[in-house]
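Trainee: no FASTA, just this:
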């Protein structure tokens, strides 16, 4: 088997035998879409770039399509990350490539309505459709973004399409960043055939070819500053498993620092570094597209583990004036994820698992952050230095949860499902429109109805008003001269679409401007 | 213009009471009372665990059996080594996470919890299957948020660690990954 595409200048934690100090023009924390794009733009402009990634360098030879390996090794906190009360499961990537190594490939541009809202309500300037379009065009070419052929739509996605048609709901074919996709359905476990055009195969090798150096197994613990300038990133190197420190430290001194550690770890790093936060906004207003799931049993095989996930989506309910909108997609369902997600226990749980071959699954992603009454998530620290993450629920969220659950049930019933099985505790079984009224009585309190998030946004928002934003519209920190944030943390609200293209586009725009000014 | 006052509310008093104070007292009580008064029905020890002692392993094993309700003929919780799999996962987690989960198991086993949830004062492992289900059901839908959190921790780890094993796949009709690797 050929080696595939490799990153030229890659250093692993175990390769560093003694404490080390290195100098660079730009130090970038995180190798997801934001950090990789920044690395590429700045290296292409001639800067000496160092990328620091906490996770390991994992490639297709590691990706054996085994959930028991992939979840602990490719996700934050071994895929055990959650809100403090465990009521929201947080799926967030952690390896070279970040979320792009494990995401489900959906490649949608930021909706214009979202960009206009940011401009109108959060004083974001210059981040417009017109400014982003040339960046998106280039990114989509590089990542081979395209929609699938009708013959490549699996049964699971077919159910969403069929149900939507019958109900008169709009739906669309979703663009994906893949080349020669073999429809394994294993996107979330790392693509075993390098079809997914993730960062470790695209912009990171591109950046490395232009001199950027990538450190894997390298956890930045804090940034040091002197007055209004950041002077160094202090990191501890980790063993190959990516968990335990080797005892060696890496210090990176640079002229410019870019945080791209994702919308939970970036705010946390700002807090740990005790950087100025005069309006107490760092780590507040974290948006997560709170995500509900719904399963349905059919009288035929669906095989939800197989075929490209999320080839079809529906934004029919994305805009609900005065309420929280939502959009529908179809996740892949392999046994471990299904076993974790299915609610209930005993006979309820066993029955759901035994029906897996005939099960279709939908997810509804709630578009949070657009109503004045929403507070979103809060990132902080709890006893023992552990991450704390809480998410505030209000009546608007509960209303949207119930409406989204009913909508998913309707779609599956319209597509011919024998019964819908919800993720309430205990699960509800619904066979007709009349049964849907039971959703009104069923509790959606924390841990009474499963919620997930695979899209983390906000916590270090952008905008011209320092009272509302941590960074300005060019993504430079309001209080510090040489610190930038280029990841999903800068979004003032959630997006209403899967985030990778939005993060890439915005990072490209900001890093290009920085390269010119530099 | 949005006001600058829109700072998210910290935990409400009610949440604090439910999570923090009640939670800590229950956990503390579990640690003390369980150790002295409620004998755990132990299984033959499974050597080589990094996190769980024999007692905790026995509790977790009983929990996983009740959560998964494996049919006769399908691989058992022991066949799949659910306890060993959870242990291996927690061994990679920070010490506070390990301690919390171990305390949760003691709390769940504890007869005091049974009294609080009106599901009897017998320890979980010494209960019959109907009583075990009643105890889990009480935690699943409890008004005390901490119990619901505890239920989720036990349910998710049991479900994920059993069904991630290739041995569990034939019984649910999962054929395993497609043959695309060279």
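Mentor: Everything's here; your move. This structure is a prediction, so every number in the text was calculated from the model and none was measured.
Trainee: Please make it C-alpha for all contacts and neighbour counts, starting now.
Mentor: OK.
Trainee: And the contacts of the top helix by length along chain B?
Mentor: Using DSSP state H to define each element, chain B has its longest helix at helix B:145-163. Helix B:145-163 has contacts (CA atoms under 8 Å, 6 or more residues apart in numbering or on different chains) with A:68, A:85-87, A:335-341, A:345, A:446-448, B:18-19, B:23, B:60, B:63-64, B:67-68, B:77, B:80-82, B:85-86, B:101, B:104, B:136, B:139-142, B:168-169.
Trainee: Swap in 6 Å and give it another go.
Mentor: A:85, A:86, A:335, A:336, A:339, A:340, B:19, B:64, B:82, B:85, B:139, B:140 (CA atoms under 6 Å, 6 or more residues apart in numbering or on different chains).
Trainee: Can you name the residues of chain A that neighbour chain B?
Mentor: A:68, A:85, A:86, A:335, A:336, A:339, A:340, A:345, A:346, A:354, A:375 (CA under 6 Å from any CA of the partner chain).
Trainee: out of the residues you listed, who's nearest residue A:121?
Mentor: residue A:375 (15.2 Å; CA to CA).
Trainee: residue contacts, residue A:304?
Mentor: So residue A:304 contacts A:156, A:332, A:333 (CA under 6 Å, 6+ apart).
Trainee: Which residue, other than its chain neighbours, is closest to it?
Mentor: Spatially, and ignoring its direct neighbours in sequence, residue A:304 is nearest to residue A:333 (5.2 Å; CA to CA, 6 or more residues apart in numbering or on different chains).
Trainee: Also residue A:456?
Mentor: Closest to residue A:456 by CA to CA, 6+ apart is residue A:288, at 4.7 Å.
Trainee: Let me see the residues that make contact with the longest helix along chain A.
Mentor: Longest helix in chain A, counting residues (DSSP H): helix A:395-414. If you take CA under 6 Å, 6+ apart as the criterion, helix A:395-414 is touched by A:163, A:164, A:324.
Trainee: now do stretch A:133-141
Mentor: By CA under 6 Å, 6+ apart, stretch A:133-141 touches residue A:505.
Trainee: Tell me, what's the model's pLDDT at the residue sitting nearest the centre point of chain A?
Mentor: Centroid-nearest residue in chain A, with CA atoms, centre = their mean: residue A:455, separated by 3.6 Å. Per-residue pLDDT puts residue A:455 at 98.
Trainee: Kindly report the same for the one 5 residues further on.
Mentor: With respect to pLDDT, residue A:460 scores 98.
Trainee: picking that back up, quick check: the residue nearest to residue A:456 touching residue A:458?
Mentor: No - at 8.4 Å, residue A:288 and residue A:458 do not qualify as touching, with contact defined as CA atoms under 6 Å.
Trainee: Who has more neighbours out of the two?
Mentor: The neighbour count for residue A:288 versus residue A:458, taken as other CA atoms under 10 Å in any protein chain shown, is higher for residue A:458 (31 against 27).
Trainee: residues in contact with that one?
Mentor: Taking CA under 6 Å, 6+ apart, one finds A:263, A:286, A:287, A:489, A:490, A:491, A:492 in contact with residue A:458.
Trainee: Around residue 127, how many other residues sit close by?
Mentor: Since you didn't name a chain, this refers to chain A. By other CA under 10 Å, neighbour count at residue A:127 equals 19.
Trainee: try chain B instead
Mentor: 17.
Trainee: who touches it in this structure?
Mentor: Counting by CA under 6 Å, 6+ apart, residue B:127 has no contacts.
Trainee: ditto for residue A:502
Mentor: Per CA under 6 Å, 6+ apart, neighbours of residue A:502: A:109, A:110.
Trainee: redo that, cut-off 8 Å
Mentor: Contacts here follow CA under 8 Å, 6+ apart; on that basis residue A:502 touches A:108, A:109, A:110.
Trainee: same question, residue A:11
Mentor: Taking CA under 8 Å, 6+ apart, one finds A:213, A:214, A:215, A:216 in contact with residue A:11.
Trainee: The last one reaches residue A:50, doesn't it?
Mentor: To tie it back to what came earlier, the one meant is residue A:216. No - between residue A:216 and residue A:50 there is no contact under CA atoms under 8 Å: 10.9 Å.
Trainee: could you check the distance from residue A:284 over to residue A:268?
Mentor: Residue A:284 sits 11 Å away from residue A:268, taking CA to CA, to the nearest Å as the criterion.
Trainee: which residues do these two both contact?
Mentor: residue A:379.
Trainee: and the residue lying closest to residue A:291 once chain neighbours are set aside, what pLDDT?
Mentor: Distance criterion CA to CA, 6+ apart; nearest residue to residue A:291, sequence neighbours excluded, is residue A:365 at 4.4 Å. Residue A:365 is assigned a predicted lDDT (pLDDT) of 98.
Trainee: So what touches the strand or helix carrying residue A:365?
Mentor: Assigned by DSSP states H and E, residue A:365 belongs to strand A:359-366. Contact partners of strand A:359-366, identified using CA under 8 Å, 6+ apart, comprise A:155-156, A:159-160, A:289-298, A:301-304, A:324-333, A:400-401, A:404-405, A:408, A:412, A:496.
Trainee: If I take it and helix A:395-414, what angle do their directions form?
Mentor: 150 degrees (axes from the mean of the first three to the mean of the last three CA atoms, to 10 degrees).
Trainee: just checking, next helix/strand downstream of strand A:359-366?
Mentor: Next element after strand A:359-366 (DSSP H and E): strand A:377-382.
Trainee: what does the model give residue 61 for pLDDT?
Mentor: Because you didn't say which chain, this covers chain A. Confidence score, pLDDT, at residue A:61: 93.
Trainee: please go with chain B instead
Mentor: 97.
Trainee: That one is in what secondary structure piece?
Mentor: Assigned by DSSP H and E, residue B:61 falls in helix B:54-68.
Trainee: Residue A:24 too?
Mentor: strand A:20-29.
Trainee: following that strand, which helix or strand comes up?
Mentor: Taking DSSP H and E, what comes next after strand A:20-29 is helix A:33-44.
Trainee: State the mean pLDDT of that following helix.
Mentor: 98.
Trainee: what angle separates it from strand A:20-29?
Mentor: Using the same axes, to 10 degrees: helix A:33-44 against strand A:20-29 is 120 degrees.
Trainee: Residues in contact with helix A:33-44: which ones?
Mentor: By CA under 8 Å, 6+ apart, helix A:33-44 touches A:26, A:28-30, A:48-51, A:97-100, A:199, A:203-204, A:206-208, A:210-212, A:258-261, A:486-488, A:500, A:503-504, A:507-508, A:511-512, A:514-515.
Trainee: So what are the sheet partners of the helix or strand that it is followed by and their directions?
Mentor: Later in the chain than helix A:33-44, the nearest helix or strand by DSSP H and E is strand A:49-52. Strand A:49-52 pairs in its sheet with strand A:20-29 (parallel), strand A:213-215 (parallel), by DSSP bridges.
Trainee: Just send these back as JSON lines, with mean neighbour count too.
Mentor: Formatted as JSON lines, the strands paired with strand A:49-52 follow (neighbours: other CA atoms under 10 Å in any protein chain shown):
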{"stretch": "strand A:20-29", "mean neighbour count": "20"}
{"stretch": "strand A:213-215", "mean neighbour count": "27"}
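Trainee: For the ones you listed, could you give me TSV that also reports mean pLDDT?
Mentor: Below are the strands paired with strand A:49-52 laid out as TSV (pLDDT from 0 to 100):
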stretch	mean pLDDT
strand A:20-29	98
strand A:213-215	98
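Trainee: hang on, the earlier thing: which other helices and strands does the helix or strand just after the longest helix of chain A contact?
Mentor: Downstream of helix A:395-414, the first helix or strand assigned by DSSP H and E is strand A:419-422. Packing partners of strand A:419-422 (3 or more CA pairs under 8 Å, 6 or more residues apart in numbering or on different chains; DSSP states H and E): strand A:291-297, helix A:395-414, strand A:429-430.
Trainee: most packed of these?
Mentor: strand A:291-297 (a mean of 25; mean count of other CA atoms under 10 Å in any protein chain shown).
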